[in-house]
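[1] Kindly return the folded structure for what I paste below:
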Amino acid sequence: AAITKKRGLQAYDPKLHLAGIPMGQRQLTPYVISGTDIVCDGDDLHFVNNAAMQQEWDDIRRTCVVGLDLAHETLEKRLGKEVTPETINYYLEVLNHAMPGAAIVQEHMVETHPALVDDCYVKVFTGDETLQDEIDKQFVINIDKEFPKDQAAQIKAAMGKSSWQAVHIPTIVTRTEDGPGTSRWMAMQVGMTFISAYHMCAGEAAVGELAFTAKHAGLVEMSEMIPARRARGPNEPGGLSFGHMADIVQTNRVDKDAVNVVLQTASAATMLYDQIWLGGYMSGGVGFTMYATPAYTNDIVDDFLYWGAEYAKDKYGAIVGDAPANIDTVKDISTETTLYGLEAYEKYPTTLEDHFGGSQRATVVSIAAGGATALATGHSNAGLSAWYLSMYLHKEA
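    Below is the predicted model of the structure:
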């Protein structure tokens, strides 16, 4: 009523539903966020009401990774410039000034307000340990310190001696623009910074090569552009691969519990793909929140997946990677985990109040069946097959 009075226009009426017929709505049972003791209302889990959900997507969309080596080769071979740890440090200092939207090189330029862009930063990571030791520590992502030994070794082996920039542009920019704007904003500031830090002439041909490197040749975006029928540009949710999502969540940096790693990834992915992508971009509906919440509330998926993982461990010897990746394993683990989940719905009817839709129950049971199978075999495609089999089993049950 207060909002309506302020606006002078009829607005949100929680008692009004179904084309003006006052239906009301049943009181929703509060939710517990899985793995925590946090109790909240269902409304708190709509992404419009939830700042953590917004930040998850903001932080992915505003990020890109850009190689430094091609740009350094251009500076050295085309322009005869010397690239040293000292010049790289100066470049990073200038870039962290420019990336939030501050002016360099050009005169009479307006600038962003620092308080609105204080989440913006650029750091480098490199496989060249000698170079890393020479770079100002505030600008360095130290792989050895950020990752367990085995993961750090894999990353460094893949990188070799190459050097990269992790760029996080201001959140407010991608909210005002979109995902494709991330690389454009980044490339403009990188280009201007090279001109400033290496005392280049803004009009020379090599500037075009540096711009091409930043925008295309050396660029790694978080997600790819998808086909025209569902067209969104890069760094939008539909093009974010499941593998990237698993790496972004990073639970396995700090937790040896493989099941929890899967659960945390599933929670973050369900929110982004189901609520924001399918529920927002694709259908536009309020209801997709209720489709996604079963995956990260009330510890139900957790119970099903831990059971499936323990079943696989008892039969095949370990939770991770010891089971053969074949159709027999898929049938076995998926069937047993699915039946356990469906029986749980019968034994504990209150779970049906939470997972009140068949699609919710099918998804929850499939997450457990697919996750347990993927863990046991160490094979994501085996997990996907188990997911689909679980859906069929649910239909037959």
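
[2] My impression was that N235 belongs to a strand - is that right?
    No. N235: not assigned to a strand; according to DSSP: H, G, I helix; E, B strand; the rest coil it is coil.

[3] My guess is it contacts M222. True?
    Yes. Taking contacts as CB atoms under 8 Å, N235 lies within contact range of M222: 5.4 Å. Quick note: C-beta positions are derived from backbone N, CA and C, even for glycine.

[4] what touches both of these two?
    Contact criterion CB atoms under 8 Å, 6 or more residues apart in numbering; residues shared by N235 and M222: I60, R61, T63, C64.

[5] my guess is the third one contacts A166, does it?
    Yes. Using CB under 8 Å, T63 is in contact with A166, at 7.2 Å.

[6] Comparing the two, which residue is more hemmed in?
    Legend: neighbour count by other CB atoms under 10 Å for T63 and A166, higher for T63 (19 against 15).

[7] so what pLDDT did the more buried one get?
    pLDDT recorded at T63 is 98.

[8] any idea how far it is from I135?
    For T63, the distance to I135 equals 20 Å [CB to CB, to the nearest Å].

[9] what does T213 give?
    As judged by CB to CB, T213 and I135 stand 20 Å apart.

[10] Tell me which of the two has more neighbours.
    Taking other CB under 10 Å, T213 and I135 do not tie; T213 has more neighbours (24 against 19).

[11] residue contacts, the more buried one?
    Contacts for T213 (CB under 8 Å, 6+ apart) come out as V66, G67, L70, A71, T74.

[12] Narrow the residues you listed to those that are buried.
    V66, G67, L70, A71, T74 (16 or more other CB atoms under 10 Å).

[13] what about the strands in the protein?
    With DSSP state E as the criterion, the chain has strands at 31-32, 39-40, 63-67, 121-126, 163-168, 219-221.

[14] Ok, which of the ones you listed comes nearest S380?
    With CB to CB, the closest approach to S380 among these belongs to strand 219-221: 21.0 Å.

[15] So which bits of stretch 119-136 are buried?
    For stretch 119-136, the neighbour count (16+ other CB under 10 Å) marks C120, Y121, V122, K123, V124, F125, T126, G127, D128, L131, Q132, I135 as buried.

[16] Between these, which sits nearest R184?
    Distance to R184, by CB to CB, is smallest for C120 among these, at 14.7 Å.

[17] Just confirm the closest one contacts I169, I think it does.
    Yes. Counting by CB under 8 Å, C120 touches I169, with 5.8 Å between them.

[18] Could you name every residue contacting both of the two?
    Shared contacts of C120 and I169, defined by CB under 8 Å, 6+ apart, comprise M99.

[19] give me the low-pLDDT residue ranges for the stretch 1-150 of the chain?
    For the stretch 1-150 of the chain, the stretches with pLDDT under 70 are 1, 14-27.

[20] try 90 this time
    Applying pLDDT under 90 to the stretch 1-150 of the chain flags residues 1-7, 9-29, 42-43, 105-108.

[21] ok, now the stretch 201-350 of the chain?
    For the stretch 201-350 of the chain, applying pLDDT under 90 flags the ranges 201-217, 226-233, 238, 252-256, 278-292, 318-320, 349-350.

[22] Just list whatever residues bridge to C40.
    Y31 (DSSP bridges).

[23] and the gap between it and A323?
    C40 sits 37 Å away from A323, going by CB to CB.

[24] how about A397, what does it touch?
    T338, L339, L342.

[25] thinking again about what came up before, any chance of the contacts of T213 in a markdown table, plus distance to A51?
    Below are the contacts of T213 laid out as a markdown table (distance: CB to CB, whole Å):
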| residue | distance to A51 |
| --- | --- |
| V66 | 28 |
| G67 | 33 |
| L70 | 38 |
| A71 | 36 |
| T74 | 41 |
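
[26] Pick the one among the residues you listed closest to G179.
    When the contacts of T213 are ranked by distance to G179 (CB to CB), V66 comes first, at 15.7 Å.

[27] That closest one touches G218, doesn't it?
    Yes. V66 is within contact range of G218, at 5.4 Å (criterion: CB under 8 Å).

[28] Show me what the residue nearest to D59 when sequence neighbours are not counted bridges to in the sheet.
    Ranked by CB to CB, 6 or more residues apart in numbering and with sequence neighbours excluded, the top spatial neighbour of D59 is H168, at 7.3 Å. Beta bridges link H168 to T63, Y121, judged by DSSP bridges.

[29] From E73, how far off is H168?
    In terms of CB to CB, H168 sits 25 Å off from E73.

[30] Pick out whichever of those two has more residues nearby.
    Neighbour count, other CB under 10 Å: between H168 and E73, H168 has more, with 18 against 13.

[31] gap between that one and Q151?
    21 Å.

[32] if we can go back for a sec, for C40 and A323, indicate the residue with more neighbours.
    Neighbour count, other CB under 10 Å: between C40 and A323, A323 has more, with 26 against 14.

[33] And the protein, what are its domain boundaries?
    Domain segmentation of the chain under automatic domain parsing yields 51-58+236-396, 62-221.

[34] out of these, deepest packed?
    Of all these, domain 51-58+236-396 has the most neighbours on average by mean count of other CB atoms under 10 Å, namely a mean of 19.

[35] Excluding sequence neighbours, find me the nearest residue to M109.
    A103 (3.7 Å).

[36] Which stretches in the stretch 51-200 of the chain count as helices?
    Counting by DSSP state H, counting those that start in this stretch, the stretch 51-200 of the chain has helices at residues 51-61, 69-79, 85-98, 129-134, 143-146, 149-159, 171-176, 181-197.

[37] Kindly apply the preceding question to the stretch 251-397 of the chain instead.
    258-269, 288-292, 300-316, 327-347, 350-354, 358-377, 380-396.

[38] May I see these organised as JSON lines, with distance to E56 added?
    Below are the helices of the stretch 251-397 of the chain laid out as JSON lines (distance: least, CB to CB, whole Å):
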{"stretch": "helix 258-269", "distance to E56": "6"}
{"stretch": "helix 288-292", "distance to E56": "13"}
{"stretch": "helix 300-316", "distance to E56": "18"}
{"stretch": "helix 327-347", "distance to E56": "27"}
{"stretch": "helix 350-354", "distance to E56": "23"}
{"stretch": "helix 358-377", "distance to E56": "19"}
{"stretch": "helix 380-396", "distance to E56": "22"}
